[in-house]
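Colleague: sharing a sequence plus its predicted fold:
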Amino acid sequence: MCESLPVISLLDMDCFYVQVEARDNPSIAGVPAAVVQYKTWKGGGIIAVNYEARAKGVTRQMRGDEAREKCPDIVLVRVPEVRDKADLTKYRKAGREVIEVLLDTGAVVERASIDEAYLDLSMLVDRRLREGEVVKPEKMANTHVGGDEGDRSQVVNDWCKEVVEEGGDDLRLAVGAQIMEEVRAEVFRRTEFRCSAGISHCKTLAKLCCGLNKPNKQTVLPQDKVASLYKDLPITKVRGLGGKLGHTVVSTLGVETMGQLAEIPLSTLTSKLEQKTATWLHMLCKGRDMEQVKERELPKSIGCGKNFQGKEMLNTKEKVSLRLMNLVEELVERVEEDKEEYSRVARGLTVGVGLDGEGHVSRAGQLHSYSVPIIFKEAFSLLSRLNTSPSTSQEWTPPLTNLSISAGKFEDMAGGGNTKSITSFFSPASSSSPATTCRRPGPGQDGGRLTVASPATQEQGNENSPVSRTSIKSFFKHKAHDFIENKTNEDILERKDDQRGASSATQEQSTTQINQDSPVSNTSIKSFFKSKAQTYTEAILDREDEFQLENGNKENVEEVNSAQNDIPSSGEQIAGNKTAAEDNTSPDFSPPSDAV
């Protein structure tokens with residue numbers, strides 16, 4: 001018996017930035033509107049357009065003044081500014097609201113960007129089928145079947161009858177479509193945001209069919225409709241093939257559409273491309289991308305950046321320092337907020353620059369503190385390696401056309417991540433009190449993970465903590481005693497070997513002299529360890545007090561499950577994957593996909 005294919009959905013918020021603004025200001029709901037970035041030249045650059053404005057001919061490629069010419073009654077909302085750059089805080093917070101709704105469904109949720117998320121519905125579908133879920137056209141009022149033309153209602157009716165009779169993976173897709181109708185309705189009920197969705201058997205197809213019918217609709221793509229969708233679909237429009245890899249495939253194989261690519265045998269693909277890439281393309285043509293939806297409720301990194309074109313290019317150390325400080329201050333605000341909300345800390349720091357005429361370069365370092373001066377010093381040190389001007393010069397060569405900074409490699413504060421405190425060396429394994437891990441309750445199964453440290457567990461941990469003043473002093477006392485004894489014996493033996501043959505009186509005198517003159521004397525060693533014991537004891541007890549104050553009242557702490565897509569290395573820059581909009585904010589910022 002063949003294993004069932006997964007049921008995967010992509011949920012994409014419709015013109016998200018405009019929806020966020022409309023919720024704050026209901027007067028712009030239902031009228032032509034667009035969100036523009038902070039620059040005022042020619043009315044500002046448009047980053048999001050609602051469908052009412054699109055109907056009047058307004059596009060993202062226009063500036064505000066041009067949009068007004070097309071649509072005189074358009075409302076242009078300007079993105080807030082902080083430190084001379086766009087502030088996306090309100091949009092990020094709105095995106096988190098949507099994620100909270102998705103987590104409560106019980107599906108496996110992978111946040112893809114500020115306004116996108118993948119859901120693996122497989123377990124929910126299986127449960128509903130066991131409970132006797134019935135597929136009905138009326139439960140798919142906003143659903144389209146991809147690859148089929150004609151009247152929507154009739155197509156859905158015919159398809160529902162077919163899947164009920166035949167069962168199999170198409171039946172599971174139909175149940176998944178009914179679930180997504182409910183999910184989208186719940187998102188609107190709780191957030192007032194409308195969204196679209198795609199439902200298929202892999203992430204790539206779910207993303208493809210999501211954009212076929214918008215706004216506020218969804219498309220399901222059965223496996224037997226993939227060939228129809230691929231027939232005239234440009235290769236570079238497919239997730240993972242929009243960049244360098246896609247153009248390489250087109251030029252190397254001499255094909256333009258996914259339909260043409262699907263006709264090429266695996267042996268030919270392997271002979272002209274890397275094995276991993278060839279295998280991935282071959283499976284993709286069959287409607288599978290070998291990628292799992294991995295739980296990732298939070299971004300893997302947090303960053304910000306800004307472009308500098310023409311006269312604004314950074315060509316002096318003073319300009320670089322000023323702009324870098326602005327970005328560091330913004331980064332610190334965001335990571336502190338992240339730490340407060342999710343109880344995690346970043347350990348990695350990355351700075352990236354656009355070098356005039358030379359492309360983009362990045363450098364990585366460590367993040368030891370959330371202090372603005374410390375992060376600035378580390379980031380500037382990394383950047384300075386790229387400056388070819390003499391150290392005595394105030395010039396910066398080559399000039400920078402872009403500057404970005406991000407924090408990543410997050411560690412869970414509750415679990416300690418990969419970092420050990422000194423207290424761990426004094427703690428018996430049997431006495432440690434592990435945190436209680438539970439999952440967010442959802443229909444039919446558990447959903448997003450939470451870490452819960454109950455008050456009882458915390459109290460017991462404080463009472464039984466082996467990291468006490470007594471245990472530390474005892475540890476250093478024993479170490480001091482052993483060290484003194486071993487060191488003294490070693491010195492005595494060494495001197496005896498050098499003075500072999502001397503009289504017993506001379507040996508006795510030498511031994512006495514060793515004990516008196518050796519820098520490793522009982523008094524100095526005991527003083528050293530006594531001082532260290534006292535210092536470490538006070539520091540640890542202070543840290544215990546801080547930890548209790550910071551975490552004693554927190555009952556729910558979210559864990560982080562970062563995911564790395566397992567796709568060909570040459571295709572990792574995924575076209576259409578908008579994670580940068582939330583995770584690594586690139587120049588100014590990246591708009592949502594539906595605005596593209």
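Modeller: Looks like it arrived, so ask away. Numbers count the residues shown, from 1 in each chain.

Colleague: which residues of the stretch 151-300 of the chain fall in helices?
Modeller: Assigned by DSSP state H, counting those that start in this stretch, the helices in the stretch 151-300 of the chain fall at 152-166, 168-191, 203-210, 226-230, 244-253, 258-262, 266-272, 275-285.

Colleague: list the buried residues for the longest one?
Modeller: Neighbour counts over helix 168-191 (16 or more other C-beta atoms under 10 Å) mark 169-181, 183-184, 187, 191 as buried. No exception for glycine: its C-beta is placed from N, CA and C like everyone else's.

Colleague: and Lys306, helix, strand or coil?
Modeller: strand (DSSP: H, G, I helix; E, B strand; the rest coil).

Colleague: so it is in contact with Val320, correct?
Modeller: No: counting by C-beta atoms under 8 Å, no contact exists between Lys306 and Val320, whose distance comes to 11.8 Å.

Colleague: need the residues touching each of these two.
Modeller: By C-beta atoms under 8 Å, 6 or more residues apart in numbering, Lys306 and Val320 have these common neighbours: Leu403.

Colleague: which of the helices or strands spans Ser404?
Modeller: Secondary structure assignment for Ser404, by DSSP states H and E: strand 395-412.

Colleague: that strand pairs with which strands?
Modeller: The pairing partners recorded for strand 395-412 under DSSP bridges are strand 301-307 (antiparallel), strand 314-316 (antiparallel), strand 344-355 (antiparallel).

Colleague: which one of those is the most hemmed in?
Modeller: When you average the neighbours per residue for each of the strands paired with strand 395-412 (mean count of other C-beta atoms under 10 Å), strand 301-307 leads with a mean of 23.

Colleague: and it, C-alpha only, in CSV?
Modeller: What follows is strand 301-307, C-alpha atoms only, in CSV (Å, rounded to 0.1, in the frame of the first residue of the first chain):
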residue,chain,number,x,y,z
SER,A,301,17.2,36.0,12.6
ILE,A,302,16.3,39.6,13.3
GLY,A,303,17.8,42.3,11.2
CYS,A,304,17.6,45.7,9.6
GLY,A,305,19.2,47.5,6.7
LYS,A,306,19.2,50.5,4.4
ASN,A,307,20.2,51.4,0.8
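
Colleague: how much space between Ala117 and Arg96?
Modeller: Taking C-beta to C-beta, to the nearest Å as the measure, Ala117 falls 11 Å from Arg96.

Colleague: from the contact counts, what lies against the host helix or strand of Ala67?
Modeller: Following DSSP H and E, one finds Ala67 within helix 64-70. Other elements packing on helix 64-70 under the criterion 3 or more C-beta pairs under 8 Å, 6 or more residues apart in numbering; DSSP states H and E are strand 33-36, strand 46-49, strand 75-78.

Colleague: contact partners of that helix?
Modeller: Counting by C-beta under 8 Å, 6+ apart, 34, 36, 42-46, 49, 53, 56-58, 62, 74, 76 sit against helix 64-70.

Colleague: now that we have those residues, which one has the most neighbours?
Modeller: Ala34 (32 neighbours; other C-beta atoms under 10 Å).

Colleague: ok, now which ones touch that one?
Modeller: So Ala34 contacts 18, 46, 48-50, 53, 58, 64, 67, 74-77 (C-beta under 8 Å, 6+ apart).

Colleague: would CSV of those residues with distance to Glu336 be doable?
Modeller: Shown next, in CSV, are the contacts of Ala34 (distance: C-beta to C-beta, whole Å):
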residue, distance to Glu336
Val18, 29
Ile46, 32
Ala48, 28
Val49, 33
Asn50, 33
Ala53, 37
Val58, 38
Gly64, 34
Ala67, 37
Ile74, 37
Val75, 34
Leu76, 32
Val77, 28
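
Colleague: let's have the residues you listed in TSV, adding pLDDT and distance to Leu273.
Modeller: As requested, these are exported to TSV (pLDDT from 0 to 100; distance: C-beta to C-beta, whole Å):
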residue	pLDDT	distance to Leu273
Val18	96	41
Ile46	90	38
Ala48	92	37
Val49	95	38
Asn50	94	41
Ala53	94	42
Val58	93	41
Gly64	89	44
Ala67	93	43
Ile74	94	46
Val75	94	49
Leu76	93	46
Val77	92	45
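
Colleague: now flag whichever of those is closest to Gln218.
Modeller: Asn50 (19.1 Å; C-beta to C-beta).

Colleague: list the contacts for that closest one?
Modeller: Residues near Asn50 by C-beta under 8 Å, 6+ apart: Cys15, Val18, Gln19, Ala22, Pro32, Ala33, Ala34.

Colleague: helix/strand/coil for the second one?
Modeller: Secondary structure state of Val18, per three-state DSSP, is helix.

Colleague: roughly how far apart are the closest residue in space to it that isn't next to it in sequence and Asn216?
Modeller: Sequence neighbours aside, Asn50 is the residue nearest to Val18 in space, at 4.3 Å (criterion: C-beta to C-beta, 6 or more residues apart in numbering). Distance, Asn50 to Asn216, by C-beta to C-beta: 12 Å.
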